[in-house]
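# based on what follows, work out the 3D shape:
(2 chains)
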Protein chains: 2
Amino acid sequence: MNRMPTNPLNHLNFSGGPGVLPESVLQQVQESISAVPEVGLSILGISHRSDWFASVVAELKENIRLLLNLPKDYHVLFLQGGATQQFSMLPMTLLKKLGPAAEYLHTGYWSGKALPEAAREGPVRVLWSGEASGFNRLPTNDELHFSADAPYLHYVSNETVEGLQFHRTLGRDDIPRVCDMSSDFLSTPCNAKDFSMIYAHAQKNIGPAGVTVIVLKDQLLEDAPNNLPGFLDYKAQIKAHSIYNTPPVFAIYVVLLVTRWLLKDIGGLSKMDKINTEKAHLLYQSLDNSNDFYKGHAAVVDRSKMNVVFNLPTKALEAEFISTALSAGFSGLGGHRSIGGIRASLYNGLQLSSVEKLVDFMEDFRLHHQ
Amino acid sequence: MNRMPTNPLNHLNFSGGPGVLPESVLQQVQESISAVPEVGLSILGISHRSDWFASVVAELKENIRLLLNLPKDYHVLFLQGGATQQFSMLPMTLLKKLGPAAEYLHTGYWSGKALPEAAREGPVRVLWSGEASGFNRLPTNDELHFSADAPYLHYVSNETVEGLQFHRTLGRDDIPRVCDMSSDFLSTPCNAKDFSMIYAHAQKNIGPAGVTVIVLKDQLLEDAPNNLPGFLDYKAQIKAHSIYNTPPVFAIYVVLLVTRWLLKDIGGLSKMDKINTEKAHLLYQSLDNSNDFYKGHAAVVDRSKMNVVFNLPTKALEAEFISTALSAGFSGLGGHRSIGGIRASLYNGLQLSSVEKLVDFMEDFRLHHQ
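Presented below is the predicted three-dimensional model:
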């Protein structure tokens, strides 16, 4: 066993993604670079066709089934290409050029990225857009009128850039719900069986960039086309148990370690949510008690527990905030390049004590500048 | 600095892929899991939009340009999806449904995988196939009659499964050459400027599974379509400097470390080739001097320096060879599931001393069983 010393800077990493991973996971990952304990070889030199890697994929699937309480008629896939690849694979599979439109919500940067890729494949209807209001809130139920004939509804559960999160499930039970949960997957309990498909890239809450988890109801593929390129064909990927071609072995192994940590160290998604809620509460409280020095971007009711996005009175103060924070060890606090400002991301791997330190820093900074 | 103890089993890893990486690279990778020295954060938690990662991509591009002596009108891309994604992206970009056929060589397992994906996108002509002879040799120049109107020629430089390698460049200078170099990229000098496109996944000679290097002549994209999904569009990827969406940060960083090792520790591709040639020579010599106990699969003139594929007199002896070798610390020696037998892969990261040990083991095994 070859454990690394704890690196204090990782604890204060508020990056929007790739995000911080749990310390105990990093320690196991570090060990695996020299040798995976059960194998004796570096994780980077183990064949994806080995019995060991088959057991990694099997255990990871089972862990995700457990965490999501997934019915038997759901498949779990691990693909490359990020959420972006799903933006295309989904409509390639479900959208017919001459059929009814799929319904999309345009609630922020990432749901906006999914739209043109879907429109390339077939008809799309934007059910609601927050663009005019600068994506600072999500729609109410009264604003959403779902069609009865859409092939599916697509929305993003947590808008990473704007810090907006749905705290309810949308749509009709008779229309397939498809949700991009890239930035809040496995951060909170989720009624997976209400969705026909969930997808999430790993690099927020569950692993490194390079792998995407897809949870898919079997029924969704009943009328799927048979002429898609193999790697873009969910049916071919299911048949090949996610090893249609060489998978990202390392990234999948790290996701396995994170799910073990969620199940054994944390104790499941309800407990994870409790911690994440506490972290978010602490930070939003700090905004709310700042006498408008720190102004949250999102409407209070739609605040994200994952990404806390806020502004300071001036751009100059924001720049000073980021650089002073960096000198104090806090990294990744710059807002997304599309909207600027400040963003503190509080993914699973970030500890409550790190948020406490940030809140102390913010209070100190405010007292010196307000 | 937190250097791991050397793991002796990694030295004897003859896996066909993901393959063994150089020891000094593994040590730097292990350190980066705790903290990348220049950044102070875990490589798994660094944003792909950071200045540091931009410098990683820039240096890696430059290293590949240096190693391949690449002219200025070539692009270097790092994409996900393996060689498999390129099997589709290439014909999606260059093949017209009603135009002349692209020419493909069918020389083994992997060139065979590229064929149906190309045929899905447009007309394809198989110029030569080794299928009838069990893919135990490559075509001679007399057997190849290239058309003057093909949109491109596609072939695989090294057939990993069968251990066949072209030791010359094929095709006409007036027809774009496209080569899948997944299993010998950066293992030997290459006249890159004779190719319009080269692609290679990382997991043989240059890194972990999860990233693919594409070298592409600008001119090749002159008539490329504008309606491809963004992530499958070379032009969009070039414009985004390979960061169209979140790239596999970790895998790209490891490839950078391997190119640094190639340039600084090894001293370039000619020197790498000298080592690789010596390793292969030693092992083939051991086959040739075995009195037909170890029978090579490939015709002598087409022998691969990367993958040495051979058989023992019976399947039972092959099984015993693999298990005895494993007990002695040699791993990854089982042949590909499609053809069985034995395969010793001698990628860049494998040391000459490891081949010497394998040859000694083989001689000993033979003396006890012949």
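# please enumerate the strands of chain A.
A:74-79, A:102-106, A:124-129, A:153-156, A:158-159, A:164-165, A:177-180, A:197-201, A:212-217, A:295-296, A:307-311, A:342-345 (DSSP state E).
# which parts of the stretch 1-150 of chain A sit against chain B?
A:2, A:4-5, A:7, A:9-10, A:13, A:15-21, A:26, A:29-30, A:33-35, A:40-42, A:44-49, A:80-85, A:87-88, A:116-117, A:120 (Cβ under 8 Å from any Cβ of the partner chain). For the C-beta atoms, the positions are set from N, CA and C on the backbone; glycine is no exception.
# filter those residues down to the buried ones, ChimeraX style.
To isolate the buried subset of the residues of the stretch 1-150 of chain A next to chain B in ChimeraX, counting by 16 or more other Cβ atoms under 10 Å in any protein chain shown, use the following:
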select /A:4,7,9,10,13,15,16,17,18,19,20,21,26,29,30,33,34,35,40,41,42,44,45,46,47,48,80,81,82,83,84,85,87,88,117,120
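# which of the residues of the stretch 1-150 of chain A next to chain B fall within helices?
A:9-10, A:26, A:29-30, A:33-34, A:82-85, A:87-88, A:116-117, A:120 (DSSP state H).
# show me which of these is closest to residue B:304.
Distance to residue B:304, by Cβ to Cβ, is smallest for residue A:33 among these, at 28.4 Å.
# in space, what's closest to the closest one - neighbours in sequence excluded?
residue B:30 (4.2 Å; Cβ to Cβ, 6 or more residues apart in numbering or on different chains).
# pull up the residues of the stretch 251-370 of chain A that are close to chain B.
A:251, A:254, A:331, A:332, A:337, A:349.
# run through the residues that contact the first one.
Going back to what we said before, that points to residue A:251. By Cβ atoms under 8 Å, 6 or more residues apart in numbering or on different chains, the contact list for residue A:251 reads A:202, A:207, A:208, A:209, A:210, A:211, B:210, B:248, B:250.
# what residues are up against the fourth one?
The neighbourhood of residue A:209, defined by Cβ under 8 Å, 6+ apart, consists of A:17-18, A:82, A:201-203, A:251, B:48, B:246-250.
# what's the spacing between the nearest residue to it once chain neighbours are set aside and residue B:87?
Nearest-residue entry for residue A:209: residue A:203, 4.0 Å, with adjacent residues in sequence omitted and distances by Cβ to Cβ, 6+ apart. Distance of residue A:203 to residue B:87, computed by Cβ to Cβ, to the nearest Å: 26 Å.
# got the domain ranges for chain A?
A:29-265, A:269-369 (automatic domain parsing).
# so how far is the shortest one from its chain's centroid?
Same thing as domain A:269-369. Domain A:269-369 sits 18 Å away from the centroid of its parent chain (Cα atoms, centre = their mean, to the nearest Å).
# just stretch A:108-123 next, same as before
That offset, for stretch A:108-123, works out to 18 Å (Cα atoms, centre = their mean).
# run through who's touching it.
Stretch A:108-123 is touched from outside by A:83-84, A:87-88, A:90-92, A:95-97, A:99-102, A:104-106, A:124, A:126, A:130-131, A:135, A:154-156, A:159-162, A:164, A:180, A:182-183, A:336, A:338-339, B:227, B:229-230, with contacts defined as Cβ under 8 Å, 6+ apart.
# ok, residues contacting the helix ranked longest in chain A?
Criterion DSSP H: the longest helix present in chain A is helix A:269-288. Contacts with helix A:269-288, where a contact means Cβ under 8 Å, 6+ apart, come from A:67, A:186-190, A:262, A:266, A:294-296, A:303-306, A:308, A:310, A:344, A:346, A:348, A:350, A:352, A:355-356, A:358-359, A:362-363.
# keep only those of those residues that are in helices.
Per DSSP H, the subset of these in helices is A:67, A:352, A:355, A:356, A:358, A:359, A:362, A:363.
# mind checking which of those residues are buried?
A:67, A:355, A:358, A:359, A:362.
# OK, contacts around the fourth one?
With contact set as Cβ under 8 Å, 6+ apart, residue A:359 has these partners: A:282, A:283, A:286.
# let's go with 10 Å and repeat that
A:279, A:282, A:283, A:285, A:286, A:287, A:289, A:344 (Cβ atoms under 10 Å, 6 or more residues apart in numbering or on different chains).
# isn't the last one up against residue A:355?
If I follow you right, that is residue A:344. Yes: taking contacts as Cβ atoms under 10 Å, residue A:344 lies within contact range of residue A:355: 7.9 Å.
# any idea how far residue A:114 is from the closest residue to residue A:129 other than its chain neighbours?
Distances taken as Cβ to Cβ, 6+ apart place residue A:106 nearest to residue A:129, at 4.0 Å, with adjacent residues excluded. Here the criterion is Cβ to Cβ. By it, residue A:106 lies 9 Å from residue A:114.
# with adjacent residues omitted, what lies nearest to residue A:66?
residue A:263 (6.7 Å).
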